[in-house]
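S.K.: Following is a predicted model, sequence given first.
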Amino acid sequence: MNDTVISVENLSKSYRVGHLSARGHRNYATLRDVIARGVRNFARQGTDMLRGRQIVQGDEVEEFWALKEVSFEVGQGEVVGIIGRNGAGKSTLLKILSRITEPTKGRVLLRGRVASLLEVGTGFHPELTGRENIFLNGAILGMTQREIRGKFDEIVAFAEVEKFLDTPVKRYSSGMYVRLAFAVAAHLEPEILIIDEVLAVGDAEFQKKCLGKMDEVSRKGGRTVLFVSHNVGALKILCPTTIWIDRGSVRGRGDSNAVINEYLTQSEVSQARFIHLESFGRQQSNESRVRIVSLEWLCGLPVRHGEPIQVRVRFRAQSPLQEFSVGIGFSSLEGVRLLTYETDFSDGFRPNIPSPGEHSVELRIDSLPLAPDMYTIDLGCRSGEFHGLDYVSSGARVEIISGQTTPGNIVRKGAGVRLPSRYIWEFAKP
Amino acid sequence: MQHLIIIEHGRHERNYWRDLWRYRELFQVLAWRDLAVRYKQTVIGVAWALIRPFLTMIVFTVIFSRIAHLPSDGSAPYALMVFAGMLPWTFFSTGLSEASNSLINNANLISKVYFPRLIVPIATVVVAFVDFLISFGIMILMMIWYRFLPDWHIFLLPIFVVVAFLTSIGPSLWITALNVKYRDFRFLIPFIVQFGLYVSPVGFSSSVVPPEWRLIYFLNPMVGVIDGFRWCLLGGQSELYMPGLVVSLCVAAFFLWFGIRRFRATEKSFADLI
C-alpha cells in the first residue's frame, strides 16, 4: 500500500528577475538621466533578444531561486498538505509537478495520472453556456468527453445551477460561477490530485461542501492528494501530514498538527515590541506610493485582555497622499479575522498626507476586547474609501494574556472578542 | 502503475507525439470552442465569412483587371481566377494571424494546466479551415454563375489544401513561440499578412512575372500553393510551373520543420514567460 507515487529529488528552479537599481529609486533627476537609462535598457533588451533570452524589465537582472534542493516522497493514498508563506515556493513546486513549467535542476517521478487544480474554472469561456463550459473545462482538466457525459448530472446537481445551464456564464453571479467550476473539478478521477488554494473562494457554505467532497475523494478514492493552502484549519482536517516550505526549501515534514504549530510559532512573523515590516513579503505590491514600515507596542509587552493598549504604525510615503487611512486587524491563528480597527471608522476622518517622508499614526484602545490567546496582525492602508495602497498580511503576532478583569472561565482557545453588554432576564414562574 | 512521468530539466519526452494523440479530445474541444465563440454577439454572424472574401474579390477584379488590364490565366474569367487565389491566401493569412496570437490568447490555460502546447495553434487553424470551406461554397456558386466547368484536376485539390495548411502552420508555430517571449511579433504579424497579399499572386496571375524571375518568385511558398489551387480549379486554363512548385514545397517543408523544432525547444518555458 505504501508505494511511493511522488518522488521529488533535489528540485531547484531559478527565474531571471529584474529590478530598479538603487539609483533608480530616486526620482529621475534630469532628462539626460532618463534618456541614458532608456538607451542602456534598450541595448540590454536588444542583446537579450538576439541571444534568444527572456526580456526583463528594470536596470539590474539577477537570478532568483524560487526552489532550492527540494526533496520529498509521497506514498500511495497519502493526503499531504503544503504550507508556507507567500513567495516561499509552494506555487512553483506545484507548477513543476503539474508539468506546466520545467525545473532548472533535479527531477520528479510521478506514478499515475496527474490532474492539477491550480485555479477553479481554468479555461472557462464567458460567452459559452454553463453546459458548454462543463465540457470545455472537463476536457482541459483531462477528462474524456465520455467521462463528462457520464458525470454530467452529478456535476450539475453539485453546482446547483440546473436552471442556468443554457445561460452564458458571463451572466452568472460570481458564486454560481465558482460553484460550477469547482463541481467540474471535484468530479475528476485521477490517481494523483494536486490542488492549490482553490478553497479560498465561494461562500462559507460552499466551502464546507467542497471540503467534504475533498475528504470523500481522498478517503474513499484512495487517491494521492497534494493540497496547498493558507487555510490552516482545512489543512488540519484534510491532511494527516504536512510539508512546510520556507524560502524555497523544505523546512519540516510530518504530522500536520505538529508541523502547522511549528510553522505558526516559528514562521518569521515576529512577536516583539518593535516589528520591522518594510521588507516583509507582500502578496501584491503594485503600489509603490506608500509602504508600512513598522509596528510598535508603545504600551509594552505583554498585552493584557481588558486593559488599554497603544500601538504605533509607521509608514513611508513616496509622494503626497489623498484621504489616507490605516487599518489594524487581529486574526486567529487559523486565519479568521476577529477584530478590525480603522482610523476612519468612527468619524470618517481621512487626512491628506502633504509631503513624502516617514509618518506615523497611533492607535489607542481603552480596553482590549480580545480574549487571551495568540493572534496574528494584519496591517493595511488606503486612499479614500476603496483604494488599497499597502497590505501586510499576518505581519506580526501577539500573545494576549489575561488581565485583571478577565474572568477565570475564559478558556485559552476560541474565546474571541469579549465586550461588555447588558442583559434582561426573564424567568418562568415556578 | 502503468503510468510513469519523469520531470527533468531539458528532458524531451519520448512520448510527446503519443501524448499529442491522447489529447486529441482537448484539441477537438478547443477548436470547437474557437468556432462557437467566433461569431457570438455579432448580428450577421457567419455571413462575415462570406462577405469579406467576396468584397475583396470584387475590389481585386476591378483594380487588377479593369484598371491595370492584367491578363487572366487562359480564358478563365478574371473574377474566378482571383477567387481561386484568394481561397488559399485567406486560409493561410487567417491561420497565420490567429495561430500566431493563439498562445497569448490562451495564456490562462498555458499557465495553469499541462497539455502538449502544439494543440493550441493547430486548433485555431481549424477555425480558418471552416472559413475556407464557407468561401469554397462561394467558389462553387461563382463557377455556376460563370458556367465554368472544372476538369479532373479538381480531384487533386485536397492535396493542395493540405499543403496550404502545412505552409501556414510552419511559420505560425515559429512566430507564436517567439510571440510568447517577445510581444513585438504581435505588431509584426498584421504587417506580414498585408505585405504578403501583394507579393503573392492573389490579385493577379503568377504568369505576369518575367520568366527570368520566376523561380525566385516561387521561393514564396504561397506562390506554389496559389498556383496549385488555380491549376486544380480552373482546369486547363492555368498552367502549373513544376520547378517552381518544387521550390515552394521545399521552402514550406523547411519552415514546417523549423517551426516545429523552435516550438518544441521553447515549449517548456512558455508558462514562465507568458
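M.R.: Thanks, I have the structure now. Because the structure is predicted, anything quoted here is derived from the model rather than measured.
S.K.: Look at A:Ile134 and tell me its secondary structure.
M.R.: Using DSSP: H, G, I helix; E, B strand; the rest coil, the structure places A:Ile134 in helix.
S.K.: Then the one 4 residues further on?
M.R.: When states are read from three-state DSSP, the local structure at A:Gly138 comes out as helix.
S.K.: got the contact list for it?
M.R.: By C-beta atoms under 8 Å, 6 or more residues apart in numbering or on different chains, the residues touching A:Gly138 are A:Gln145, A:Glu147, A:Ile148, A:Val184. Glycine gets a C-beta too; all of them are placed from N, C-alpha and C.
S.K.: Filter those down to the buried ones, PyMOL style.
M.R.: This is the PyMOL syntax for the buried subset of the contacts of A:Gly138, where burial follows 16 or more other C-beta atoms under 10 Å in any protein chain shown:
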select buried, chain A and resi 147+148+184
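S.K.: Nearest to A:Ile100 among the contacts of A:Gly138?
M.R.: Ranked by distance to A:Ile100 (C-beta to C-beta), those are led by A:Val184 at 18.9 Å.
S.K.: how far away is that closest one from chain B?
M.R.: The gap separating A:Val184 from chain B is 13 Å, by C-beta to the nearest C-beta, to the nearest Å.
S.K.: Closest one to B:Arg66 out of the contacts of A:Gly138, please.
M.R.: A:Gln145 (52.2 Å).
S.K.: Now do stretch B:33-47: everything it contacts.
M.R.: So stretch B:33-47 is in contact with A:125, A:127-128, A:132, A:136, B:48, B:51, B:98, B:123-124, B:126-127, B:130, B:134, going by C-beta under 8 Å, 6+ apart.
S.K.: hey, C-alpha coordinates of it in CSV?
M.R.: C-alpha atoms of stretch B:33-47 as CSV (Å, rounded to 0.1, in the frame of the first residue of the first chain):
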residue,chain,number,x,y,z
ARG,B,33,-14.7,26.5,-28.6
ASP,B,34,-13.0,28.8,-31.0
LEU,B,35,-15.6,28.2,-33.6
ALA,B,36,-18.5,28.5,-31.2
VAL,B,37,-17.2,31.8,-29.9
ARG,B,38,-16.1,33.3,-33.2
TYR,B,39,-19.3,34.9,-34.3
LYS,B,40,-21.0,35.2,-30.9
GLN,B,41,-22.7,38.6,-30.3
THR,B,42,-22.5,39.6,-33.9
VAL,B,43,-25.6,40.5,-35.8
ILE,B,44,-24.9,38.8,-39.2
GLY,B,45,-22.8,36.0,-37.7
VAL,B,46,-21.3,33.6,-40.2
ALA,B,47,-22.2,35.9,-43.0
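S.K.: show me where the chain has helices.
M.R.: No chain specified, so I'll use chain A. According to DSSP state H, chain A carries its helices in the segments A:22-25, A:31-50, A:90-97, A:130-140, A:145-159, A:174-186, A:204-221, A:232-238, A:256-266.
S.K.: I was after chain B.
M.R.: With DSSP H as the criterion, chain B has helices spanning B:16-22, B:24-38, B:47-60, B:78-105, B:107-110, B:119-145, B:157-181, B:184-199, B:211-217, B:221-233, B:242-266, B:270-273.
S.K.: Do I have it right that A:Glu197 meets A:Val228?
M.R.: Yes. Counting by C-beta atoms under 8 Å, A:Glu197 touches A:Val228, with 6.0 Å between them.
S.K.: Look up phi and psi at the residue in the stretch 51-200 of chain B that chain A sits nearest to.
M.R.: As assessed by C-beta to the nearest C-beta, chain A sits closest to B:Tyr114 within the stretch 51-200 of chain B, at 3.9 Å. Backbone torsions of B:Tyr114, given as degrees, to the nearest 10, read phi -90, psi 140.
S.K.: what stretches of the stretch 1-150 of chain B score poorly on pLDDT?
M.R.: Residue ranges of the stretch 1-150 of chain B with pLDDT under 70: B:1-2, B:11-14.
S.K.: Same question for the stretch 251-400 of chain A.
M.R.: For the stretch 251-400 of chain A (pLDDT under 70), the answer is A:265-271, A:283-287.
S.K.: Going along the chain, name the strands of it.
M.R.: For the stretch 251-400 of chain A, the strands defined by DSSP state E, counting those that start in this stretch occupy A:274-276, A:290-297, A:303-304, A:309-317, A:324-332, A:337-342, A:357-365, A:373-383, A:387-401.
S.K.: Please tabulate these in CSV, including the columns mean neighbour count and distance to B:Leu240.
M.R.: As requested, the strands of the stretch 251-400 of chain A are exported to CSV (neighbours: other C-beta atoms under 10 Å in any protein chain shown; distance: least, C-beta to C-beta, whole Å):
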stretch, mean neighbour count, distance to B:Leu240
strand A:274-276, 16, 77
strand A:290-297, 20, 70
strand A:303-304, 19, 89
strand A:309-317, 19, 74
strand A:324-332, 20, 76
strand A:337-342, 14, 75
strand A:357-365, 14, 78
strand A:373-383, 21, 70
strand A:387-401, 19, 67
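S.K.: now the ones you listed in JSON lines, with distance to chain B?
M.R.: Below are the strands of the stretch 251-400 of chain A laid out as JSON lines (distance: least, C-beta to the nearest C-beta, whole Å):
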{"stretch": "strand A:274-276", "distance to chain B": "32"}
{"stretch": "strand A:290-297", "distance to chain B": "28"}
{"stretch": "strand A:303-304", "distance to chain B": "43"}
{"stretch": "strand A:309-317", "distance to chain B": "32"}
{"stretch": "strand A:324-332", "distance to chain B": "29"}
{"stretch": "strand A:337-342", "distance to chain B": "29"}
{"stretch": "strand A:357-365", "distance to chain B": "37"}
{"stretch": "strand A:373-383", "distance to chain B": "28"}
{"stretch": "strand A:387-401", "distance to chain B": "23"}
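S.K.: What residues does chain B have near chain A?
M.R.: When proximity is defined as C-beta under 8 Å from any C-beta of the partner chain, chain B approaches chain A at B:1, B:3-11, B:25-26, B:29-30, B:33, B:36-37, B:40-41, B:106, B:108-115, B:181-182, B:268-269, B:271-273.
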